[in-house]
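Undergrad: Show me how the following folds:
(2 chains)
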Amino acid sequence: NAGVTQTPKFRVLKTGQSMTLLCAQDMNHEYMYWYRQDPGMGLRLIHYSVGEGTTAKGEVPDGYNVSRLKKQNFLLGLESAAPSQTSVYFCASRDATGIIFSGANVLTFGAGSRLTVL
Amino acid sequence: TQLLEQSPQFLSIQEGENLTVYCNSSSVFSSLQWYRQEPGEGPVLLVTVVTGGEVKKLKRLTFQFGDARKDSSLHITAAQPGDTGLYLCAGNTGTASKLTFGTGTRLQVTL
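TA: Have a look, this model is predicted:
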């Protein structure tokens, strides 16, 4: 019963370095999301995917790229890290049933990945 | 621009007190959810409300969705230390598969 697993949990980067965060879910969910969480700002959507091979931009996509080559995996990439990307990143997934979120159609989150860019 | 504003941002109360957290927006949402997040973990869903004026109770927690579906509130009766955490509201416009989160309310309940 792993649910949503994020790796790595912690990472420190220098400005300009690149890295990839991996999100894996074992619930056969269609939809996957990447959020970043900063103090006083709640969760902001970076990119999301409504199915294998598809991606779309969220509220704050600049500086990030994503890929969904396999249904169970959603990768978030930083090509050239900047201090403004220091944050906690959360991946989430949900079933595709219906557009409107209901009690039976909820987001399952990973435990987060804390990224520090020096 | 944050679509969903929560107030207060921080709340520190003693065990047994009551409190209300507000979630406000100028947008209409087809559904609204409340999550609670503990340190080092992802948010966990508490409730979903979909009908304007709807009230849902979950033990000591009461959730209300505004009549116009633009705002919501979370009321906790007789708070306990176990209620400590970050409370997040999140709304769905129904036109896409996205959920927009509020700014969050950090609650601390002390003995």
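Undergrad: ok, how many other residues are close to the closest residue to chain A within chain B?
TA: Nearest to chain A in chain B, going by C-beta to the nearest C-beta, is residue B:42, at a distance of 2.8 Å. C-betas here are computed from N, CA, C, even on glycine. Neighbour count of residue B:42, defined by other C-beta atoms under 10 Å in any protein chain shown: 23.
Undergrad: can you check residue A:18 too?
TA: 10.
Undergrad: I figured it hits residue A:80, correct?
TA: Yes - Residue A:18 lies in contact with residue A:80 (C-beta atoms under 8 Å); the separation is 6.5 Å.
Undergrad: burial of residue A:29, as a residue count?
TA: Residue crowding around residue A:29 was assessed by other C-beta under 10 Å; the count is 20.
Undergrad: What helix or strand is it located in?
TA: Residue A:29 belongs to no helix or strand when assigned by DSSP states H and E.
Undergrad: which ones are touching the residue lying farthest from the centre of chain B?
TA: Distance from the centre of chain B peaks at residue B:111, with 22.9 Å (C-alpha atoms, centre = their mean). By C-beta atoms under 8 Å, 6 or more residues apart in numbering or on different chains, the residues touching residue B:111 are B:14, B:15, B:81.
Undergrad: do that again at 10 Å, thanks
TA: Applying C-beta atoms under 10 Å, 6 or more residues apart in numbering or on different chains, we find residue B:111 in contact with B:14, B:15, B:16, B:80, B:81.
Undergrad: In space, what's closest to the first one - neighbours in sequence excluded?
TA: Excluding the flanking residues, the one nearest residue B:14 by C-beta to C-beta, 6 or more residues apart in numbering or on different chains is residue B:110, at 5.7 Å.
Undergrad: thought the one you found was touching residue B:11?
TA: No - contact status for residue B:110 versus residue B:11: not in contact, 11.4 Å apart, counting by C-beta atoms under 10 Å.
Undergrad: ok, these two, which is more surrounded?
TA: Each of residue B:110 and residue B:11 had its neighbours counted (other C-beta under 10 Å), and the higher figure belongs to residue B:11 (18 against 11).
Undergrad: Could you give the bridge partners of that one?
TA: Judged by DSSP bridges, the bridge partners of residue B:11 are residue B:107.
Undergrad: give the contact list for it.
TA: B:17, B:19, B:20, B:21, B:76, B:79, B:87, B:105, B:106, B:107, B:108, B:109.
Undergrad: Neighbour count, pLDDT and secondary structure added to these, as JSON lines?
TA: Output for these, formatted as JSON lines (neighbours: other C-beta atoms under 10 Å in any protein chain shown; pLDDT from 0 to 100; DSSP: H, G, I helix; E, B strand; the rest coil):
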{"residue": "B:17", "neighbour count": "13", "pLDDT": "97", "secondary structure": "coil"}
{"residue": "B:19", "neighbour count": "16", "pLDDT": "97", "secondary structure": "strand"}
{"residue": "B:20", "neighbour count": "14", "pLDDT": "98", "secondary structure": "strand"}
{"residue": "B:21", "neighbour count": "22", "pLDDT": "98", "secondary structure": "strand"}
{"residue": "B:76", "neighbour count": "21", "pLDDT": "97", "secondary structure": "strand"}
{"residue": "B:79", "neighbour count": "22", "pLDDT": "97", "secondary structure": "coil"}
{"residue": "B:87", "neighbour count": "23", "pLDDT": "97", "secondary structure": "strand"}
{"residue": "B:105", "neighbour count": "23", "pLDDT": "95", "secondary structure": "strand"}
{"residue": "B:106", "neighbour count": "17", "pLDDT": "95", "secondary structure": "strand"}
{"residue": "B:107", "neighbour count": "20", "pLDDT": "97", "secondary structure": "strand"}
{"residue": "B:108", "neighbour count": "14", "pLDDT": "96", "secondary structure": "strand"}
{"residue": "B:109", "neighbour count": "20", "pLDDT": "96", "secondary structure": "strand"}
